[in-house]
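Colleague: My questions are about this predicted structure, shown below with the sequence.
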Amino acid sequence: MQDFLHDPRFSGIEPLKNKVWLSTPTMHSDEQKWVDEAIRTNWVSTVGANIDHVEKAMAELIGVRYAVGLSCGTAAIHLATKLAGEKLYGQAKPNAGTLAGHRVFCSDMTFDASVNPVAYEDGEAVFIDTERETWNMDPAALEKAFELYPDVKLVVLAHLYGTPGRMNEIKAICERHGALIVEDAAESLGAKYKLNGAWVETGSIGDYNAISFNGNKIITGSSGGMFVTDSLQDANKVRKWSTQSRENAPWYQHEEIGYNYRMSNIIAGVVRGQIPYLPEHIAQKKAVWERYEKGLADLPVKMNPWNREMSEPNFWLSCLIIDEDAMAPFVRGEKEELWRHESGKSSPGEILRALSAFNAEGRPIWKPMHMQPIYRMHPFVTVEGNGRARSNAYIAGAGADVGADIFRRGLCLPSDNKMTAENQDIVIEIIHRCFQ
Ligand SMILES: Cc1ncc(COP(=O)(O)O)c(C=O)c1O
């Protein structure tokens, strides 16, 4: 293992006194006030003024009619997926999922919480490869997927790292094929997209939409999430499902399977205090992204891309991707990796270890779902069609796999909004030394 602290390439750089993180919560002071208020008034449950407030405020912010506070973003995606499944295929028995026997097209480059709810509902995820313009679901690969699996009626997609995907094309394809969209806006709260000429918020674009207040997100409740929608009926259904599916009866009466997914009024207090600071957090994250773009401009790397005409990301995480001809030898196994330094080149493995040695936290690009052991036997569709079994012992080369390529050459940079410009300069300098 390389000893970065004593490597002459890094001479003169001292480990950062205060660790620079990938993305941490940023508390102000109103969070405490609203949590205290909930405790003082004894509203320490899954009802209360904080919940009412944040549901109203978030619906307004996202530009939808209703928001339902839930325990986490994963719960929101689960109930969104279940609603879609029920609309498409009817109510399932209590011991079965609504997607049993059905395939669902899913973002491939995302956190697994986007797609696991398809499995919770007994569906089979079919992973759709990624495009290079925004690192999200590739509309051309989605079109191919509908050629291969014309019966599919549901698409689950995320906006990776806060950058909106190509939603105009994706929506048009889904409309043509009569498919519904579950939009996972967990990472992209506050990001805007030009949908058919009009600017809208991510989280308002799908047929069923979810956001997250996880501790690492752009605003947080420590945990928490929301289902957001224009449909009163869907909002009411999610409210019911999330509180154990109680019927309107004097006793506990159940006609449907239920969940304990509701947001607590304490968590909602933290979210309530955070909401006014969303624009400030986005501005700070954008400044971090721009400082990296400028500071790394002379290296053989690119920043995570976004479409300046069509979108305004929330810049939740800054990432880089190393040019192919500047990649030093680098291999990954299931849980370990090996790299070798070569002059003028580097690798995500080397850069992340170097940053860590100097007390800065980065992270590999989210490993694509089609490469995950749990989903390795699921179909994967690229712009060329079936993305599985494309190598051939008798023919050189293999098929396109954009997600695998971004995973191999990319990494998430320390993106904390509280990182000082001086510390970011040190991070940038460490990355430069990696390429020496
Ligand atoms: C893309 C994406 N979807 C879903 C989630 C799940 O949200 P939560 O942690 O609130 O359940 C996360 C992150 O946590 C995420 O990054």
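Modeller: Thanks, I have the structure now. For clarity, every value in this text was computed on a predicted model and none was experimentally measured.
Colleague: And whichever residue of the stretch 1-150 of the chain sits closest to the ligand, its phi and psi?
Modeller: Residue of the stretch 1-150 of the chain nearest the ligand, by CB to the nearest ligand atom: Gly73 (2.7 Å). Heads up, the C-betas are built off the backbone N, CA and C, glycines and all. Main-chain dihedrals, Gly73, degrees, to the nearest 10: phi -60, psi -40.
Colleague: Wait, it touches Ser212, no?
Modeller: Yes - at 2.7 Å, Gly73 and Ser212 qualify as touching, with contact defined as CB atoms under 8 Å.
Colleague: Following element in sequence after whichever strand or helix holds Ala38, please.
Modeller: Counting by DSSP states H and E, the element that carries Ala38 is helix 30-40. Proceeding N to C from helix 30-40, the next assigned helix or strand is helix 49-62, under DSSP H and E.
Colleague: tell me what that following helix is packed against?
Modeller: In terms of contacts (3 or more CB pairs under 8 Å, 6 or more residues apart in numbering; DSSP states H and E), helix 49-62 is packed against helix 30-40, strand 66-70, strand 208-212, strand 225-229, helix 265-274.
Colleague: and the residue nearest to Glu121 when sequence neighbours are not counted, what does it touch?
Modeller: Spatial nearest neighbour of Glu121, excluding adjacent residues (CB to CB, 6 or more residues apart in numbering): Gly97 at 3.6 Å. By CB atoms under 8 Å, 6 or more residues apart in numbering, Gly97 lies in contact with Lys82, Gly85, Tyr120, Glu121, Asp122, Gly123.
Colleague: I'd like the helices and strands packed on helix 49-62 as a markdown table, with mean neighbour count, distance to Cys106 and mean pLDDT appended.
Modeller: Formatted as a markdown table, those follow (neighbours: other CB atoms under 10 Å; distance: least, CB to CB, whole Å; pLDDT from 0 to 100):
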| stretch | mean neighbour count | distance to Cys106 | mean pLDDT |
| --- | --- | --- | --- |
| helix 30-40 | 16 | 34 | 98 |
| strand 66-70 | 27 | 20 | 98 |
| strand 208-212 | 29 | 14 | 98 |
| strand 225-229 | 30 | 18 | 98 |
| helix 265-274 | 26 | 27 | 98 |
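Colleague: Please tabulate these in a markdown table, including the columns distance to Ala140.
Modeller: Shown next, in a markdown table, are the helices and strands packed on helix 49-62 (distance: least, CB to CB, whole Å):
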| stretch | distance to Ala140 |
| --- | --- |
| helix 30-40 | 44 |
| strand 66-70 | 33 |
| strand 208-212 | 24 |
| strand 225-229 | 29 |
| helix 265-274 | 38 |
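Colleague: So what's the predicted local confidence for Met1?
Modeller: The confidence metric pLDDT takes the value 61 at Met1.
Colleague: go on, Asn307?
Modeller: On the pLDDT scale, Asn307 gets 98.
Colleague: doesn't Glu131 make contact with it?
Modeller: No - at 10.4 Å, Asn307 does not count as touching Glu131 under the criterion of CB under 8 Å.
Colleague: Show me which residues of the stretch 201-350 of the chain are close to the ligand?
Modeller: Contact residues (CB under 6 Å from any ligand atom) of the stretch 201-350 of the chain with the ligand: Ser212, Asn214, Gly225.
Colleague: Bridged to the first one, which residues?
Modeller: Taking DSSP bridges, one finds Gly225 as the beta-bridge partners of Ser212.
Colleague: Which stretches in the stretch 201-350 of the chain count as helices?
Modeller: Under the criterion DSSP state H, counting those that start in this stretch, helices of the stretch 201-350 of the chain are mapped to 232-242, 265-274, 278-295, 348-357.
Colleague: May I see the buried residues of the longest one?
Modeller: Read that as helix 278-295. Neighbour counts over helix 278-295 (16 or more other CB atoms under 10 Å) mark Leu278, His281, Ile282, Gln284, Lys285, Lys286, Val288, Trp289, Arg291, Tyr292, Gly295 as buried.
Colleague: So which of the contacts of Gly97 belong to helices?
Modeller: Lys82, Gly85, Tyr120 (DSSP state H).
Colleague: Might one say that the second one is in contact with Glu121?
Modeller: Yes - counting by CB under 8 Å, Gly85 sits close enough to Glu121 to count as a contact (5.1 Å).
Colleague: what sits in contact with each of those two?
Modeller: Shared contacts of Gly85 and Glu121, counting by CB under 8 Å, 6+ apart, come down to Ala92, Gly97, Thr98, Leu99.
Colleague: Read off the pLDDT value for whichever residue of the stretch 251-400 of the chain sits closest to the ligand.
Modeller: Nearest residue of the stretch 251-400 of the chain to the ligand: Trp366, at 7.9 Å (CB to the nearest ligand atom). Turning to Trp366, the model gives it a pLDDT of 98.
Colleague: For Glu256, list the residues it contacts.
Modeller: Contacts of Glu256 (CB under 8 Å, 6+ apart): Gln91, Pro94, Lys240, Trp241, Ser245.
Colleague: go with 10 Å
Modeller: Applying CB atoms under 10 Å, 6 or more residues apart in numbering to Glu256 gives the contacts Glu86, Gln91, Ala92, Pro94, Lys237, Lys240, Trp241, Gln244, Ser245, Arg246, Glu247.
Colleague: Equivalent analysis for Met109, please.
Modeller: By CB under 10 Å, 6+ apart, the contact set of Met109 is 127-131, 135-138, 158, 160-161, 365-370, 402-404, 406-407, 410.
Colleague: The nearest residue to Lys302 once chain neighbours are set aside: neighbouring residues, count only.
Modeller: Counting by CB to CB, 6+ apart, Ile321 is the residue found nearest to Lys302 once chain neighbours are left out, at 5.3 Å. By the criterion of other CB atoms under 10 Å, Ile321 has 22 neighbours.
Colleague: State the mean pLDDT of stretch 90-109.
Modeller: Stretch 90-109 comes out at a mean pLDDT of 98.
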